[in-house]
Structure formats: C-alpha cells, structure tokens
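Trainee: My questions are about this predicted structure, shown below with the sequence.
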Amino acid sequence: MSLATALTYALPHRLLSSAARRLAYSDNPRLRAWLIDTVVRRFGVDLGEAAQPDPAAYPTFNAFFTRALRPGARTPDPDPDAILMPADGRISQCGAIRDGRIFQAKGRSFTAAELLADDTAAAVYDDGLFATVYLSPRDYHRVHMPWDGRLLRTVHVPGRLFSVGPAAVAKVPRLFARNERLVCHFATDFGPMAVVMVGALLVSGVETVWSGEEIPAYAGRVTSRDYVSSTVELARFDEMARFNYGSTVIVLLPPDVARLAPGLAAESPVRLGQRLATRLR
C-alpha cells in the first residue's frame, strides 16, 4: 500500500470535513476572497456561466461553490425520450449492473445492495444501468432530475468520507458503498429510479430541494424518511439537490427501460442536461 493510500485510510475524515465546512461558511471577507480566487484560478472556473459572475458578490465560499447558472447556460436534450445527465462533471464509470454489481474501476466493484443499503431495493436494478458522475471543484454543483419522478423515500447511509478523485477510486475498494451518502428513491413512469448523492473528504454536505440540509449531521446508523404520502414531484431537468463542495452522483435505472447514450465512457466530460440514456418505448 502506498503512503498516499495509507493516509487515505488514516485521516480523520469527518473532523477534516467539519473544519472545511466552517471555512466554507465563514463570512470573513479576506478568507472568502482568497478561497474563491484560489479555486477560480486553480481549476479554471468559468464564472461567465454563473447567474452572478462577480466573485466578490458571494457572501461565503459555499455560496460561490453552490452558485446558480445563468438562464440558458444548460438546456435539456430536446428529445422527449432522452434521460438526462444529472450534473456537470466526468463519467467515472457507466454501464450494466451485472449480478447485482456496479463497476468502480479496474479490478474493483461493489454491489447495488451495498450502495443502497437495502437488498430488496437493489434487486429491481439487477441487469439495469448505472452511471457514476464525478463533480470536480470547477463544476456546477447542483444536481437535477434525469427524468420526471415522484419521491418515495430517502435513506441516509453512514460511512467514511474518502476522496472520490480518480486516484482514490482506483485504489479504495468499494469506495462509493463506504462513503456517507443520501439515497433518493423515485417512482417514474418506467418504474423505480435511484439517485445517490455520495459525500467525500472535505465535500460532505448535501442539501435537497424538498427538505434542505440532509448531511451533515453525519449519521450513526441507516435512517430512512418516507415520502410516499407526500407530493414531492419533480420534472425532468428540475433541480433536486446540491453538494456543499462537490462529489459524486450515481444514477440507477431498472432493466429494459433505456440504453446508454453512445460514446459515454470512463473520463468522458459531461454536462447537465445532455443525454445520459434513451428511453425504450
């Protein structure tokens, strides 16, 4: 095991993420300006796409990180059968769910049951499709609906906060099934759909449009919220959640409802609203 990998295991993940959160929400003007300027320069953030292009206008670093886009900066694929990419970023992996397993990286995979923390919920996705999208610090950090859906329940799964960068994904077994995450289960006109918001080191905040901040607080056990009797219905391309910092979002689709868009592969750059898959009629 390399020193970097060993440190990945040894670091106090939640403590570091809590410290980063305090910095992100600080309204100290010099600290805020330094953090925003550093990220803009280091990662090449295109503020011309932002609804507020002036970096000095953001009251905190987190407000900058979760910035809205200007109208028209992203548009949904016009084909009504296009299931949409939920976020900007890069494809970490995508493909079929075989024998209940989701491919992570060469020689590594994890089960849908581990990811969802629910054997029964995972069974409906066997032989279906998955797409794992990695959001880097330069990306838009809001997640939108791939398809029209009615929220059934959310499941907050406790875990570590490993980095989700390519190096960690290649080295840490079952990474996405070990990190803290929020699983969102939707009912659609083709059946179930799961959208999983995966936390990461320094990147562990998750908010939803229906209930606000979900993570932190960090979970000590698996906790579920039932929304079956609610009226949380979101249309294709609607905002559903956001990361306070960035991370990874995983979409699961059941079998025989869609085929992945041609050309999608590991490391493919993607944009919110482009075609993730095509609905089979």
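Mentor: Sure, I can see it. Numbering: from 1, shown residues only.
Trainee: Would you map the helices across the stretch 1-150 of the chain?
Mentor: Secondary structure of the stretch 1-150 of the chain by DSSP state H, counting those that start in this stretch: the helices cover 3-10, 13-24, 29-43, 61-65, 112-116, 119-123.
Trainee: Check the average confidence over the second one, would you?
Mentor: On average, the pLDDT along helix 13-24 is 65.
Trainee: that older thread, mean pLDDT for the helices of the stretch 1-150 of the chain: which is lowest?
Mentor: Looking at the helices of the stretch 1-150 of the chain, the lowest mean pLDDT belongs to helix 3-10 (a mean of 57).
Trainee: so is the residue nearest the centre of the chain in a helix, a strand, or just coil?
Mentor: Residue closest to the average C-alpha location in the chain (C-alpha atoms, centre = their mean): residue 249, at 2.3 Å. The assignment at residue 249 comes out as strand when based on DSSP: H, G, I helix; E, B strand; the rest coil.
Trainee: Touching, it and residue 200? I think so.
Mentor: No: using C-beta atoms under 8 Å, residue 249 is not in contact with residue 200, being 11.4 Å away. No exception for glycine: its C-beta is placed from N, CA and C like everyone else's.
Trainee: between those two, what contacts are shared?
Mentor: Taking C-beta atoms under 8 Å, 6 or more residues apart in numbering as the contact rule, residue 249 and residue 200 touch no residue in common.
Trainee: Let me see the ranges of the strands in the stretch 51-200 of the chain.
Mentor: Secondary structure of the stretch 51-200 of the chain (DSSP state E, counting those that start in this stretch): strands at 82-84, 89-96, 101-105, 108-111, 129-134, 142-144, 149-157, 181-188, 191-198.
Trainee: how about the ones you listed in CSV, adding mean neighbour count, distance to residue 25 and mean pLDDT?
Mentor: Below are the strands of the stretch 51-200 of the chain laid out as CSV (neighbours: other C-beta atoms under 10 Å; distance: least, C-beta to C-beta, whole Å; pLDDT from 0 to 100):
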stretch, mean neighbour count, distance to residue 25, mean pLDDT
strand 82-84, 23, 31, 98
strand 89-96, 20, 24, 95
strand 101-105, 19, 32, 90
strand 108-111, 17, 32, 91
strand 129-134, 24, 24, 96
strand 142-144, 25, 18, 97
strand 149-157, 21, 21, 97
strand 181-188, 23, 20, 97
strand 191-198, 24, 19, 97
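Trainee: neighbours around residue 228, how many?
Mentor: For residue 228, the count of nearby residues is 11 (other C-beta atoms under 10 Å).
Trainee: Spell out which residues sit in contact with it, please.
Mentor: If you count contacts by C-beta under 8 Å, 6+ apart, residue 228 has them with 152, 153.
Trainee: List phi and psi for it.
Mentor: Residue 228 adopts backbone torsions of phi -60, psi -40, taken as degrees, to the nearest 10.
Trainee: Look up how far residue 184 lies from it.
Mentor: 13 Å (C-beta to C-beta, to the nearest Å).
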